[in-house]
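In: model this:
(chains A, B and C)
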Amino acid sequence: MGTRLEELVERLGGQLIGDGKIAVSGIAPLSDAQAAHITFLSNPKFRSQAAQTEAAALILSSADSEAIGATYHGARILTTNPYAYFARAAQLFAEQTALPATPGIHPTACVDPAASIAATAVIGPQVVIEAGAMIADRARIDAGSFIGRDARIGADTHFYAHVVCHADCEIGARGIVHSGTVIGADGFGFANDNGVWVKIPQTGRVVIGDDVEIGANTTIDRGAMTDTVIGNGVKLDNQIQIAHNCQIGDHTLISGCTGIAGSAIIGKHCTIGGAAMIHGHISIVDHAVISAGTLVSRSISEPGFYTGFYPLSKNADWEKSAVIVRNLPAMREKIRELEKTIKSLVEHNEDKK
Amino acid sequence: MGTRLEELVERLGGQLIGDGKIAVSGIAPLSDAQAAHITFLSNPKFRSQAAQTEAAALILSSADSEAIGATYHGARILTTNPYAYFARAAQLFAEQTALPATPGIHPTACVDPAASIAATAVIGPQVVIEAGAMIADRARIDAGSFIGRDARIGADTHFYAHVVCHADCEIGARGIVHSGTVIGADGFGFANDNGVWVKIPQTGRVVIGDDVEIGANTTIDRGAMTDTVIGNGVKLDNQIQIAHNCQIGDHTLISGCTGIAGSAIIGKHCTIGGAAMIHGHISIVDHAVISAGTLVSRSISEPGFYTGFYPLSKNADWEKSAVIVRNLPAMREKIRELEKTIKSLVEHNEDKK
Amino acid sequence: MGTRLEELVERLGGQLIGDGKIAVSGIAPLSDAQAAHITFLSNPKFRSQAAQTEAAALILSSADSEAIGATYHGARILTTNPYAYFARAAQLFAEQTALPATPGIHPTACVDPAASIAATAVIGPQVVIEAGAMIADRARIDAGSFIGRDARIGADTHFYAHVVCHADCEIGARGIVHSGTVIGADGFGFANDNGVWVKIPQTGRVVIGDDVEIGANTTIDRGAMTDTVIGNGVKLDNQIQIAHNCQIGDHTLISGCTGIAGSAIIGKHCTIGGAAMIHGHISIVDHAVISAGTLVSRSISEPGFYTGFYPLSKNADWEKSAVIVRNLPAMREKIRELEKTIKSLVEHNEDKK
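Out: Model prediction:
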């Protein structure tokens, strides 16, 4: 029983050192790994812990392997990126225990006859799919989700229970969308007419690439006239708000509770911390990193690591510093006055020399 | 085919200059407008772009019309507010392409016999409506929405898929509520008894006026004993949290991810930026403007534009400034000492004169 | 009709002074209480208002009772915690008017034959319950909620409409979960492989204790390998995000829109204000109090009251102070220079003595 190391290497690559017939039942981190597991070393500071693991095998870099070679003699898989190897191995073990979903449409689902559902797709109970929608091969739409008119769901994409994808929106292949997420609600666009707000119809779509994961209760609004666009490989956490006409570049990762205002353009390979806030109509360059809780109020044109949140203090200390923050212009004025006085004192002394 | 300019003016007002028989197929912004479109000029800085548009007609102010009169000779509609005119024209074109919804109750909906549903209302698949609820004329409740006992939904109001409106709550006419929004969940009220929280029943309602739009995954809690009240014409974006007993004044607009704590009273015609935070039990005057990401910790009694967020920096620079922010009281003390020393130096010099 | 004071005291304790046969129809705060009500005094500053109440009876402390004894001669219930007594009395009145829910499974619910549903449980319309799930005695699952495979819902726990509880997760007894909340979506875990994010399967659960209330549209992610754990008596408001592997201690209260990043450990009896942000992999001691809008970027090891948000100003004033905040290191440098100059001036003066 279990998976033999030679099978792992065949599937995921890496250089096997040791007996390929050794079978492992699963993967666990160094701190939890038991004799039946394979484990991994992704940070050199845990070398001594790795050297003493009881696990049946170890995934690690060749540098780490050499470093612990004197004490660790067990089986190992060498790879340049042990953490990514761990992720892929864990996926493989998870697949083995996953329950197979039976293709077909649950009898309680409400699917319009003019929708196009692949024979290999899985449509759960009480799903509603409107006319013209297309659900591709092996896509899985779980209980109670809603797919609007002419929406398109790519192959192998999985909607968990209670996802909403509105009319005309589309998502590519191998996507994962978690419960409560709403794709394609109207963007927030109004014209003010003497104090009364007049709605601007939101006639664009949401277009999402391949290999995108979207967390729970996230919202991505449809564009006002053009589309809101999410690139390939983007990962969005829970409770993110992406407003109309935003563009998120490929392989950008955004943590939970972040809000992105309308028409913001985020580059590729960015990492945005939780509860960040991005102003509308700005652009952020590729490879920018934004700290959690940071408000980005202007465009960022240079890759790098950006931060802006008020530091934590005991409340009594914060009360004192916050008052000064509010009065900083007065403090600066005071310093300028002191500077002048000192300058005249210095000159006075010079004169007397 | 298309809509003739004379029809537009008949419906929406404005002064037509040019051939009223010209027909347009839709409306587009200056940057995208093609020959079949009508377009609009709402900002004088785009006059030269407007003067060269290929669009069949132009909506603009009389001042702008005069300014470009030397180069633009096409048809035009003069109005005092071209942007609002654009919004209304866009609504009109959107209505023309909208699919008509068929009145009636979908067979998979679960409607209590003691609910009152107007004959012209549209109740979608798998909607649940409890006893005593009233759905007014031409209201539309989309797939999977839930309407609790004795709730009231006004005429022409549209709930998108997966809206929840709990017992006794009400919304007026011409409202739009987007997917995943929850109206009337319990407010967050507890009494502390020796470290254990005792729930205070939330027996008030949510009462929402006419012409209100509410974004996706927003939450508006029912009052503790009295009601939470949202005025007429209020526009709420996605993922907003409005706590129990809040009052939001007419025609106030609140952007996404904003949180408003209990019993806050927001005036009329306010504009609140995204991810703002409003403390409980405070009041904000009419016509206040709050920047995105700003925490309002005290009442605002004077209309104006208010801000409070930590400015963005490169992380390394932020690290340095944040340390100083935390130690500002020490810096102020240092300045006071310098001031004293300088004063004594000055006096010393005076003495020697 | 109504509830006699002697019944209240029998159910909820306290010392009755006055006629126990007096019946009251409900409870109301001092400001609203009418002759048929019982009311309460929980803050000594309202003593004079309490002394003049028209309410049939008054809940208060013995100290307050003595203080107003000269003017108030009506019935009263003495208790050490009048506010908690009010909460419990209000619960009692609310129970009296609540509509009884009929045990059983609604015919439109979709319950797997291999799920275990207590005979006293109430399963609403269009609920979906998967195989292996267990719904305990008197639990109530309202319309359209989803209970995943092998999930466990404790006795007397109430899920409002549209709650999602994913596979293997569990919640204890007497819980309340509001609409739109998602328990057990995947945590946000990825390994980066040459710029591409590789998903780490989230194989842990969410385990929630007894007497927990969770607001609307909140999300609690399942653990990556171990569990996300919510203690007994925890109260979570709306739109909170709790990431994978967090632990929230017993009787902690968290207000709306707060985000807690992965593997954060929050102590017992903490109070966390709205829209707070807690970094991942930190721990917060028991009895910490965090202000609204505060980002907690490091562990807190000492109980106390912590704050960190940028103070509100008029925008024009903020513009000035924010520029200085960003340039505080330059200001500190300037002060150091002044200090040096002054020191040399002082020394110069000393030399001349």
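In: Low-confidence ranges, chain A, go.
Out: Chain A contains residues with pLDDT under 70 at A:1, A:353.
In: How is it partitioned into domains?
Out: With domains defined by automatic domain parsing, chain A comprises A:3-97, A:104-306, A:315-352.
In: highest average neighbour count across the ones you listed?
Out: Per-stretch averages of neighbours, counted by mean count of other CB atoms under 10 Å in any protein chain shown, single out domain A:104-306 among these, with a mean of 23. All C-beta atoms are positioned from the backbone trio N, CA, C, and that covers glycine.
In: now the end-to-end length of that one.
Out: 48 Å (CA to CA, to the nearest Å).
In: And chain C, is that domain touching that?
Out: Yes - Domain A:104-306 lies within reach of chain C by CB under 8 Å from any CB of the partner chain, at A:106, A:108, A:124-126, A:143-144, A:160-162, A:176, A:178-180, A:213, A:215-217, A:233, A:235, A:237-239, A:251, A:253, A:255-257, A:269, A:274-275, A:292-293.
In: Measure how far that domain is from the centre of its chain, please.
Out: 12 Å (CA atoms, centre = their mean, to the nearest Å).
In: just stretch A:303-319 next, same as before
Out: The answer for stretch A:303-319 is 24 Å, by CA atoms, centre = their mean.
In: ok, and does that stretch reach over to chain B?
Out: Yes - applying CB under 8 Å from any CB, one finds stretch A:303-319 touching chain B at A:Gly304, A:Phe305, A:Tyr306, A:Thr307, A:Gly308, A:Phe309, A:Tyr310, A:Pro311, A:Ser313, A:Asp317.
In: Tell me the spacing between A:Ile240 and A:Val346.
Out: 57 Å (CB to CB, to the nearest Å).
In: could you list every residue that touches the nearest residue to A:Lys21 once chain neighbours are set aside?
Out: Excluding the flanking residues, the one nearest A:Lys21 by CB to CB, 6 or more residues apart in numbering or on different chains is A:Arg4, at 5.7 Å. The contact partners of A:Arg4, taken as CB atoms under 8 Å, 6 or more residues apart in numbering or on different chains, are A:Gly20, A:Lys21, A:Ile22, A:Ala23.
In: A:Asn327 now?
Out: C:Ser321.
In: Quick check: the gap between it and C:Ile335.
Out: 16 Å.
In: before we move on, what about A:Met277?
Out: 33 Å.
In: Over to A:Ile242?
Out: Separation of A:Ile242 from C:Ile335 (CB to CB): 44 Å.
In: next one: A:Val323
Out: 19 Å.
In: I'd say A:Thr203 and B:Gln96 touch.
Out: No - counting by CB atoms under 8 Å, A:Thr203 stays clear of B:Gln96, with 11.8 Å between them.
In: Please see if stretch A:256-268 touches chain B.
Out: Yes - judged by CB under 8 Å from any CB, stretch A:256-268 comes into contact with chain B at A:Cys257, A:Gly259, A:Ala261.
In: pull the longest helix from chain A.
Out: The longest helix of chain A (DSSP state H) is helix A:328-352.
In: List the contacts of that one.
Out: For helix A:328-352, contacts defined as CB under 8 Å, 6+ apart pick out A:324, B:331-332, B:335, B:338-339, B:342, B:345-346, B:349, C:317, C:320-321, C:324-325, C:331, C:334-335, C:338, C:341-342, C:345, C:348.
In: Could you rerun that using 7 Å?
Out: Helix A:328-352 is contacted from outside by A:324, B:332, B:335, B:338-339, B:342, B:345-346, B:349, C:320-321, C:324-325, C:331, C:334-335, C:338, C:341-342, C:345, C:348, using CB atoms under 7 Å, 6 or more residues apart in numbering or on different chains.
In: That helix vs helix B:328-352, what angle?
Out: 30 degrees (axes from the mean of the first three to the mean of the last three CA atoms, to 10 degrees).
In: Can you give the distance of helix A:328-352 from its chain's centre?
Out: With CA atoms, centre = their mean as the basis, helix A:328-352 stands 53 Å off its chain's centre.
In: how close does the spatially closest residue to A:Ser299 that is not a sequence neighbour sit to chain C?
Out: Once flanking residues are discounted, A:Ser299 sits nearest to A:Ile282: 4.4 Å by CB to CB, 6+ apart. As for A:Ile282, its distance to chain C is 17 Å (criterion: CB to the nearest CB, to the nearest Å).
In: A:Ile282 reaches A:Arg298, doesn't it?
Out: Yes - checked against CB atoms under 7 Å, the pair A:Ile282 and A:Arg298 is within contact range at 6.1 Å.
In: how long is stretch A:20-30 from one end to the other?
Out: Terminal residues of stretch A:20-30 lie 21 Å apart, using CA to CA.
In: swap in stretch A:112-130?
Out: 5 Å.
In: anything in that stretch near chain B?
Out: Yes - judged by CB under 7 Å from any CB of the partner chain, stretch A:112-130 and chain B are in contact via A:Gln126, A:Val128.
In: just the helices in the stretch 201-350 of chain A please.
Out: Remark: helices assigned in the stretch 201-350 of chain A by DSSP state H, counting those that start in this stretch are A:315-326, A:328-352.
In: how about those, which one is nearest A:Arg138?
Out: Among those, helix A:315-326 comes nearest to A:Arg138, with 53.6 Å by CB to CB.
In: Does the closest one pack against any helices or strands, and if so which?
Out: In this structure, helix A:315-326 packs against helix B:315-326, helix B:328-352, strand C:304-307, helix C:315-326, with contacts taken as 3 or more CB pairs under 7 Å, 6 or more residues apart in numbering or on different chains; DSSP states H and E.
In: now the angle between helix A:328-352 and it, please.
Out: 70 degrees.
In: re the thing from before, could the residues of stretch A:303-319 next to chain B go into JSON lines alongside distance to C:Ala75?
Out: What follows is these, written out as JSON lines (distance: CB to CB, whole Å):
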{"residue": "A:Gly304", "distance to C:Ala75": "70"}
{"residue": "A:Phe305", "distance to C:Ala75": "66"}
{"residue": "A:Tyr306", "distance to C:Ala75": "63"}
{"residue": "A:Thr307", "distance to C:Ala75": "60"}
{"residue": "A:Gly308", "distance to C:Ala75": "58"}
{"residue": "A:Phe309", "distance to C:Ala75": "53"}
{"residue": "A:Tyr310", "distance to C:Ala75": "51"}
{"residue": "A:Pro311", "distance to C:Ala75": "53"}
{"residue": "A:Ser313", "distance to C:Ala75": "49"}
{"residue": "A:Asp317", "distance to C:Ala75": "48"}
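In: Can you name the two of those residues that sit furthest apart?
Out: Farthest pair in those, by CB to CB: A:Gly304 and A:Asp317, 30.2 Å.
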